[in-house]
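Chemist: I would like to see how this sequence folds:
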Amino acid sequence: MHPGRRRMNDNDKAKDFKKSIKSLIVYCRPYLVPILVAIILAIVSSILSIIGPDKLRSITNTITEGLLSGIDMDKIKSIALFLIIIYLISAIFGYIEQYIMAVVTNKFSKQLRKEITIKINNLPLKYFDKNSYGDILSRVTNDVDTLSMTLNQSLGNLVSSITLLIGSVIMMIVTNGIMALTAILSSIIGFFFMFQVISKSQKYFSRLQDEIGELNGHIEEMYSGHNVMIAYNGVDDANKKFASINDNIYNDVRKGQFLSGLMHPFMGFIGNFGYVCVCIVGAILTMNNSIDFGVIVAFMLYVRLFTQPLSQIAQAMSSLQSCAAASERVFEFLDEEEMPNEDNITKTLLRKDVVGSMEFKNVKFGYDEDKLIIKNFNVKVNPGDKIAIVGPTGAGKTTIVNLLMKFYDIKDGDILIDGISTKELTRKNIHDLFIMVLQDTWVFEGSIKENIRYNKNNVTDKQIEDVCKVVGLHHYIKSLPDGYNTVLYDNDTLSSGQKQLLTIARGMIEDAPFLILDEATSSVDTRTEELVQKAMDKLTEGRTSFIIAHRLSTIKNANLILMMQEGNIVEMGTHEELLKLRGKYAELYNSQFEKMED
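Modeler: Got it, this is the predicted structure:
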C-alpha cells in the first residue's frame, strides 16, 4: 500500500459505498430523461413478452377444442399474427433501449473522465505526494471503464428482469392461484440465496478494485525507474511484490467470482424445480378438470419467465458489485479536497506592470500540521536581483519555490510581489509571472519545435532557432534527419543533458519578469555547464531570479546568497562576504572545491 494510504474498516466502506451510490445518482441526472426512456422501453418490451404465453394458451385451447369438433384455423392465424406483431415490437423496443443505454453510458463515462481531468488540475500537490500515479491512472481508466461497461450491460437487463418477474407473478395469479402459489413457493428460496451471496461477495469486489490500483501503481513505479531497479539488482524484490499483489488479486477474483458464479447454476436449478412442481400440480388439476390443458402450457412458459429473470437479476447484481466498487473509488477521488477556490480574487498583476521586487515576511510552512519545515523565513528582494538559495538536502530550498508559486499555501506570514500579497492573486496569475526551469526535465510526445513553443502560439521558428543557438542545441538539432520537426518520444532521442537544455530553451522563449532555476544544470557535464551558464546569464538579464543550486560555482555572481539550514536562513550575503564569514557556506563551498584548489 502506498505511504499515506490506509485500509478502511467495514463501517467506513459501508458509508463510502452509500455515498458513492448517491454520487452516481447525482452524476446521472443530466442523462435522466434518456435513461427513463430506455427503462420505459425495457418495461414495455418485457410486458409484451409476458402477453405471449396467454395467447399461446388460447392457441392450445383452440387446438384442443378442434380435436373434438374441428380446428378453427382462422382464429389460430389471428392469434399467431398477433403474437408475431407483439414479439416484433418487443424486439424493436429492446433494440432502441440498448442503443439509448450504449449512448448514455458512453456519454456518462466521457463526462466522468472530463470531471476527473478537471479534478486532477484542482488537487493540491499533497494529494499526489500521498498517492501513487499508477493508482490515480487506474481510477481514470480501469474504474471508469468498469463503471460504464457495467451500467451499459446490466442496467437495462436488470429493469427488464424485474418487470418480467413482477409481470409473470401477476399473470400467474390471474390465470390460476394454486399453480401461481406453487411456482412462487418453489422459487422463493432463490431470492434468499441470491442476497446472501451478494452480501458475502461484495467485499471481494471492493478489495479487487483497490488492489488493481495498487498493482498499476507498482508497475508504473517499476517501469519509470527501470534502470535503477536493474542497476541495484532489485528485480527479484520487484517481482516478489508484484507476485504478492497479483496473488491477492487472484484470490479476490477467485472468491468473488466463485460466489457470484454460484447464483447462476443455483437459480437454474430453482427454475427447473419450479417447472417440475408446476407440471405435477397442473397435471393433478387437469385430471380433476379444474383447469384446461392450455393453462399448463401457459404456466410452463410463465415459470420460465418467472425464473429466468431471477438468473438475470443474479448476474446483473454480480456485475453491479464491480460497478459499485469502481464507483466508490471514482467518487472517492472526485470528493477529495481541492485547492482553495479563487473566484473571489479579482486583483490581477500584469507582466508589463511588474517592477520585480519581492518580499518574504515571517513565512512559516509545514507539509504536516504539527511539523514546520520553513520556520521564520524573511528576505527582501530588489528588482533584477539574482538570489541564490543553497543548503544541504532537506533544508527547504524547493519548498520556498513551491510556496512562491502557490503550489502550497503558507501557514503563516506573507509573500509580496511588488507590494501585493500572493494571497490576493490567483495561482494562474502568479504562474504567468514566472519562468521555471526545474531539475526534472519534462518532454512530451511531439516535435522539438512544439516542445520549445509549448503553450505559446505567437513564437516564430526564427525565435526558436535563436534560442537554441544560445543554449547550444542548434547544431545537434540540425544534425537530426527532420531537424526541428523531429518527433520526441519516451526514448533516447535526446540525452538527459540535451533534454535539460531543451527545457532551458523553453524557458527563454517565455518572456516573464521572474525566473526560477531549480538545479537547472544538474544533468549536464562541466563543459556543457559553461555553455548553459552563459545562457543562464543571458536569461537572467533584467529579471528577478531565484536560483537553487548544489553546484556553488554557478552562483558566484549572485547578488544575494541565502544559506539555509532546517528551514531557516543561517547566513546571507554575496559569495565573497560569505567566504569571509568562514561559516556554513564557506564550509560547503570548500568541501566542493578543496580538491581542485589543491
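
Chemist: switch to C-alpha atoms for all contacts and neighbour counts from now on
Modeler: Noted.

Chemist: Roughly how far does Gly419 sit from Lys361?
Modeler: Gly419 is 11 Å from Lys361, where distance means CA to CA, to the nearest Å.

Chemist: who has more neighbours, these two?
Modeler: A count of neighbours by other CA atoms under 10 Å puts Lys361 above the other of Gly419 and Lys361, at 16 against 11.

Chemist: hang on, isn't the more buried one packed against Val381?
Modeler: No: in this structure, Lys361 is not within contact of Val381 by CA atoms under 8 Å, at 11.4 Å.

Chemist: shared neighbours, those two?
Modeler: Here Lys361 and Val381 share no contacting residue, scored by CA atoms under 8 Å, 6 or more residues apart in numbering.

Chemist: Report the rounded mean pLDDT for the top helix by length along the chain.
Modeler: Taking DSSP state H as the criterion, the chain has its longest helix at helix 235-287. Confidence for helix 235-287, expressed as mean pLDDT, is 79.

Chemist: so where's the stretch 451-598 of the chain shaky on pLDDT?
Modeler: Confidence mapping of the stretch 451-598 of the chain against pLDDT under 70 gives the ranges 490-493, 520-532, 535, 553, 592-598.

Chemist: Now do the strands in it.
Modeler: Per DSSP state E, counting those that start in this stretch, the stretch 451-598 of the chain carries strands over the ranges 487-488, 514-518, 544-548, 560-565, 568-573.

Chemist: The stretch 1-150 of the chain: helices as residue ranges?
Modeler: Residue ranges of the helices in the stretch 1-150 of the chain, as given by DSSP state H, counting those that start in this stretch, are 10-27, 32-68, 73-122, 125-130, 133-138, 144-175.

Chemist: Please apply the same query to the stretch 351-500 of the chain.
Modeler: Using DSSP H, counting those that start in this stretch, the helices found in the stretch 351-500 of the chain span residues 397-404, 427-432, 448-452, 461-471, 474-479, 496-509.

Chemist: List of residues touching the second one?
Modeler: Residues outside helix 427-432 that contact it (CA under 8 Å, 6+ apart) are Thr348, Leu349, Leu350, Arg351, Met405, Lys406, Phe407, Thr422, Ala512.

Chemist: residue ranges with poor pLDDT in the stretch 51-200 of the chain?
Modeler: The stretch 51-200 of the chain contains residues with pLDDT under 70 at 51-76, 79, 189-191, 194-195, 198-199.

Chemist: and if you look at the stretch 301-450 of the chain?
Modeler: Checking the stretch 301-450 of the chain against pLDDT under 70 turns up 310-311, 314-315, 317-318, 321.

Chemist: Repeat the analysis, applying 80 as the threshold.
Modeler: By pLDDT under 80, the weakly predicted segments of the stretch 301-450 of the chain are 301-326, 329, 341-343, 367-371, 392-395, 437-445.

Chemist: could I get the helices of the stretch 351-500 of the chain as CSV with mean neighbour count?
Modeler: What follows is these, written out as CSV (neighbours: other CA atoms under 10 Å):
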stretch, mean neighbour count
helix 397-404, 20
helix 427-432, 16
helix 448-452, 21
helix 461-471, 17
helix 474-479, 14
helix 496-509, 23
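
Chemist: Reformat these as a markdown table; add distance to Val103.
Modeler: Shown next, in a markdown table, are those (distance: least, CA to CA, whole Å):
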| stretch | distance to Val103 |
| --- | --- |
| helix 397-404 | 43 |
| helix 427-432 | 36 |
| helix 448-452 | 36 |
| helix 461-471 | 44 |
| helix 474-479 | 47 |
| helix 496-509 | 42 |
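
Chemist: Those: which one's closest to Ser109?
Modeler: helix 427-432 (28.6 Å; CA to CA).

Chemist: burial measure for the residue nearest to Gly413 when sequence neighbours are not counted, as a count.
Modeler: Once flanking residues are discounted, Gly413 sits nearest to Val363: 4.3 Å by CA to CA, 6 or more residues apart in numbering. Applying the criterion other CA under 10 Å, we find 19 residues in the vicinity of Val363.

Chemist: Next, the contact list for the residue most central in space within the chain, please.
Modeler: For the chain, Val140 is the residue whose C-alpha lies nearest the centre (CA atoms, centre = their mean; 2.5 Å). Shown in contact with Val140 (CA under 8 Å, 6+ apart): Arg113, Ile116, Val330.

Chemist: and the first one, how many neighbours?
Modeler: This means Arg113. Applying other CA under 10 Å, we find 18 residues neighbouring Arg113.

Chemist: Over to the second one?
Modeler: When neighbours are counted by other CA under 10 Å, Ile116 registers 20.

Chemist: Same question for the last one.
Modeler: Neighbour count of Val330, defined by other CA under 10 Å: 26.

Chemist: so which strand or helix has it?
Modeler: Secondary structure assignment for Val330, by DSSP states H and E: helix 293-334.

Chemist: Distance from the chain centre to that helix, please.
Modeler: Relative to its chain's centre, helix 293-334 lies at 29 Å (CA atoms, centre = their mean, to the nearest Å).

Chemist: Packing partners of that helix?
Modeler: Contact here means 3 or more CA pairs under 8 Å, 6 or more residues apart in numbering; DSSP states H and E; on that basis helix 293-334 packs against helix 10-27, helix 32-68, helix 73-122, helix 144-175, helix 177-224, helix 235-287.

Chemist: out of the ones you listed, deepest packed?
Modeler: Highest mean neighbour count among those (mean count of other CA atoms under 10 Å): helix 144-175, with a mean of 21.

Chemist: Now do stretch 212-226, average pLDDT.
Modeler: Averaged across stretch 212-226, pLDDT comes to 75.

Chemist: Make 35 the first number, not 1, from now on.
Modeler: Noted, 35 is the first residue going forward, which turns the last one into stretch 246-260.

Chemist: For that stretch, list the C-alpha coordinates in PDB.
Modeler: Only the C-alpha atoms of stretch 246-260 are listed here, as PDB (Å, rounded to 0.1, in the frame of the first residue of the first chain):
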ATOM      1  CA  ILE A 246      -5.800  -3.300  -9.200                       C
ATOM      2  CA  GLY A 247      -4.900   0.300  -8.500                       C
ATOM      3  CA  GLU A 248      -2.100  -0.800  -6.300                       C
ATOM      4  CA  LEU A 249      -0.800  -3.100  -9.000                       C
ATOM      5  CA  ASN A 250      -0.900  -0.300 -11.600                       C
ATOM      6  CA  GLY A 251       1.000   1.900  -9.200                       C
ATOM      7  CA  HIS A 252       3.700  -0.700  -8.700                       C
ATOM      8  CA  ILE A 253       4.000  -1.300 -12.400                       C
ATOM      9  CA  GLU A 254       4.200   2.400 -13.100                       C
ATOM     10  CA  GLU A 255       7.000   2.800 -10.500                       C
ATOM     11  CA  MET A 256       9.000  -0.200 -11.700                       C
ATOM     12  CA  TYR A 257       8.900   0.900 -15.400                       C
ATOM     13  CA  SER A 258       9.600   4.600 -14.700                       C
ATOM     14  CA  GLY A 259      12.600   3.500 -12.500                       C
ATOM     15  CA  HIS A 260      13.500   0.500 -14.600                       C
END
